[in-house]
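**Q** show me how the following folds:
(3 chains)
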Amino acid sequence: MSIKKPVEHIAKATPPSIARRVRGLSDRAIAWLFVGPSIVLLLAVNIFPLIWTINLSFTNFKANRLRDAEYIGLRNYERILTDADTWQSMQATAHFLFWTIFFQVLIGFALAYLINKKFKGNDLWTTIIVLPMMLSPAVVGNFWTFLYQPQIGLFNYVVQFFTGVEASSFSMIGSVTLAPWAIVIVDTWMWTPFVMLICLAGLRSIPDSIYEAAECDRASKWRQFWTLTVPMVLPFLMLAVLFRGIENFKMFDLVVQLTGGGPGSTTLLTSIDLKREAFEKWRTGYASAYAVILFVTVFGLASIYVKALNKVKER
Amino acid sequence: MSGFSVTEPSKRQKWFAGLLVITYAVVTLLPLLWIIATGFKSPADSISYPPKVLFEPTLEGYVNLFSTRTRITPSMRETLVEPTTWYEQIARDSGTVIAGPSRYGQRFLNSVIIGFGSTFLSIFFGTLAAYAFSRFKVPIKEDLLFFILSTRMMPPIAVAIPIFLMFRQLGLNDTQLGMILLYTAVNLSLSVWLLKGFIDEIPLEYEEAALIDGYTRFQAFYKVVLPQAATGIASTAIFCLIFAWNEYAFAVLLTSGTAQTAPPFIPTIIGIGGQDWPAVAAGATIFLIPVMIFTILLRKHLLSGITFGAVRK
Amino acid sequence: MRGFIKGLLRRRRGAWEMLATILIALGVFMLMQPFWMVAFTYSFVVTLTGTVMFIIVSHFPE
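**A** Numbers count the residues shown, from 1 in each chain, chains lettered A, B, ... in the order given. Below is the predicted model:
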């Protein structure tokens, strides 16, 4: 590929006499000059703090006290990983993660499949469907608490209209059993378009000739769907699932505005739990260890994600 | 395509697919329409049961959003002079007088300054880095690119702990400069990855021709590559802007007053006796509409934007 | 399966990456499963091992 090794390419394409006329800095110097500022900024805002966090995670530092921190070894990690409440918030996260991905894949794929039927005006409707995804989760989440109000809220009213369940008889964000589903509904509403867009790209990458060949072999539509469409879209779907997985593993803004972690700790996702430890209880050392655990998990998932990305790129 | 093609869906299939998709679109649009509608309701209409679809529009929500008010008794009202402006009239009709402007305007302005400032910086640095990654042999290129991407994936709350301590030391807490730098760093990953994709697509031949004509590398970069990448740069900029505009976690932890942006502020809007939903909805409407317009403008590039340039078309 | 083990022995990147991916996935599952507290406790070690392994083996030759 010519793009990979442009330097040699140019060297080859340029006769020696002309190459001498290429003045200015050497390519290598320009490369560093161009990449440098970004790397420096990222080092200052990401890597330096990361190292600081790892260092703090071995101490009992509290950011609201002046007292010097003491090193306490792995005690913070030990405490977090044997804490039943932390485990509980991981499970709340797991519930959120599993069901949001389940519904988003189901609805997102179905929508993409339908849009790919190329009915008239599908571009316009795709754009409309995508809108929620681009909006501020905090602002929208805050407004959803209004839609979820038992009597005056639109959501409860719509539920009553279709199912006949009295609108004032249930509160989506006030009830222990319903609150975990309330956040799943809003996240699904917001992010289904994301899965849909990626699935649509997958569907559109399948050449028509494959279906024509299958038709010649007299494969049924149902069989074509499972043996052609699904396997071809799968790498794209993996990408969407991993990305949503990472995003929802660290979910904060939407849920903190919707439920604030309550009622009780039924929707206390890890990021909200971490925020309480770090910025309300000010157990900075403990919270740093917590943060390192989340970092490593996300970093691991991100490396799988990049692998999946490259697989899709090859297509 | 001919009518006999096996891959072209039949008319009935198309009609059915269209019906389902449009139904979904309408349902998904409902909460957004409700936000816009609530902004024009009176407080009483906004909390009526059952929810009102038809109502008499009023600008009370918008007046409440931009002002602070004090309640007056009817007897006091007699002693006041008649209001001179339409917004004073609206406030008076609901039994209050305007005491001064609210903080919404200033918070909105913060969002604009921080959004545009960080977008400009991340596009500036991002374009340079993307060009270098696309055209030159950079040592450990793959690792650097992965490192840049992974910074985007980190949980904001976890990053915020050391950033908070660092900003406190440097006096950057609750300053616009601090937020601009932070958002620039977060957006760099997006701008580098997206722009690298766009620059990769520009044929090398253009630059080669320019180099042969006696341009230096720099000249070739800004006279040949930049104009070619203009659309890509514009759409990347909009993505960066939308991110900075919507961001909440860093904003709520690192700003509290002077540099606070709109997302942490809007949920704190409260009226007299509970949350003032028309004012919240008005604030949300003003805040969300620009993003909706940008989304429509961006629709061709949405896919590459949300996948860091990996999936195109 | 035999090919996979052979790949590991020969320092083939694909096989090692697969192993690291499995470890990371297992670690994440252990972290969030609701069944067994001990698995939760050791999840971090597993994820960390997988992640570090991934970083190392991604530099192996194809």
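**Q** excluding its backbone neighbours, what's nearest the one residue sitting closest to the centre of chain A?
**A** By Cα atoms, centre = their mean, the mean C-alpha position of chain A lies nearest to residue A:247, the distance being 2.3 Å. Of all residues beyond its chain neighbours, the one nearest residue A:247 is residue A:191 (7.8 Å), with distances taken as Cβ to Cβ, 6 or more residues apart in numbering or on different chains. Glycine gets a C-beta too; all of them are placed from N, C-alpha and C.
**Q** figure out the helix or strand that that neighbour lives in.
**A** helix A:179-204 (DSSP states H and E).
**Q** just name whatever secondary elements that helix is in contact with.
**A** helix A:84-115, helix A:122-134, helix A:137-147, helix A:230-249, helix A:253-258, helix B:11-39, helix B:302-306 (3 or more Cβ pairs under 8 Å, 6 or more residues apart in numbering or on different chains; DSSP states H and E).
**Q** how about stretch A:32-48 as CSV, C-alpha atoms only?
**A** What follows is the C-alpha trace of stretch A:32-48 in CSV, where atoms were taken according to Å, rounded to 0.1, in the frame of the first residue of the first chain:
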residue,chain,number,x,y,z
TRP,A,32,7.9,15.2,15.5
LEU,A,33,7.0,18.8,15.3
PHE,A,34,3.5,17.9,14.3
VAL,A,35,2.9,15.0,16.7
GLY,A,36,4.7,16.6,19.6
PRO,A,37,2.1,19.1,20.9
SER,A,38,-0.6,16.5,21.0
ILE,A,39,1.5,14.0,22.8
VAL,A,40,2.7,16.6,25.3
LEU,A,41,-0.9,17.7,26.0
LEU,A,42,-2.1,14.1,26.5
LEU,A,43,0.9,13.4,28.7
ALA,A,44,0.0,16.3,30.9
VAL,A,45,-3.7,15.8,31.1
ASN,A,46,-3.8,12.0,31.0
ILE,A,47,-0.6,10.1,31.7
PHE,A,48,0.7,12.3,34.5
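**Q** about what we covered before: what's the residue nearest to residue A:247 in contact with, if anything?
**A** A:100, A:104, A:133, A:244, A:247 (Cβ atoms under 8 Å, 6 or more residues apart in numbering or on different chains).
**Q** report the two of those separated the most.
**A** A:100 and A:133 (13.2 Å; Cβ to Cβ).
**Q** who has more neighbours, those two?
**A** residue A:100 (24 against 19; other Cβ atoms under 10 Å in any protein chain shown).
**Q** can you pull the pLDDT of that one?
**A** Here, the pLDDT recorded for residue A:100 equals 95.
**Q** go on, residue B:17?
**A** Model confidence at residue B:17, expressed as pLDDT, equals 89.
**Q** that one touches residue B:10, doesn't it?
**A** No. When contacts are counted by Cβ atoms under 8 Å, residue B:17 is not listed as touching residue B:10 (10.5 Å).
**Q** elements contacting the longest helix seen in chain B?
**A** Secondary structure assigned by DSSP state H gives helix B:104-135 as the longest helix of chain B. The contact analysis (3+ Cβ pairs under 8 Å, 6+ apart) places helix B:104-135 against helix A:27-42, helix B:60-66, helix B:141-153, helix B:176-200, helix B:230-246, helix B:262-265, helix B:277-298.
**Q** what pLDDT, on average, does that helix get?
**A** Within the predicted structure, the mean pLDDT of helix B:104-135 is 92.
**Q** swap in stretch A:155-174?
**A** Mean per-residue pLDDT for stretch A:155-174: 86.
**Q** can that stretch be said to contact chain B?
**A** Yes. Stretch A:155-174 lies within reach of chain B by Cβ under 8 Å from any Cβ of the partner chain, at A:157, A:167, A:168.
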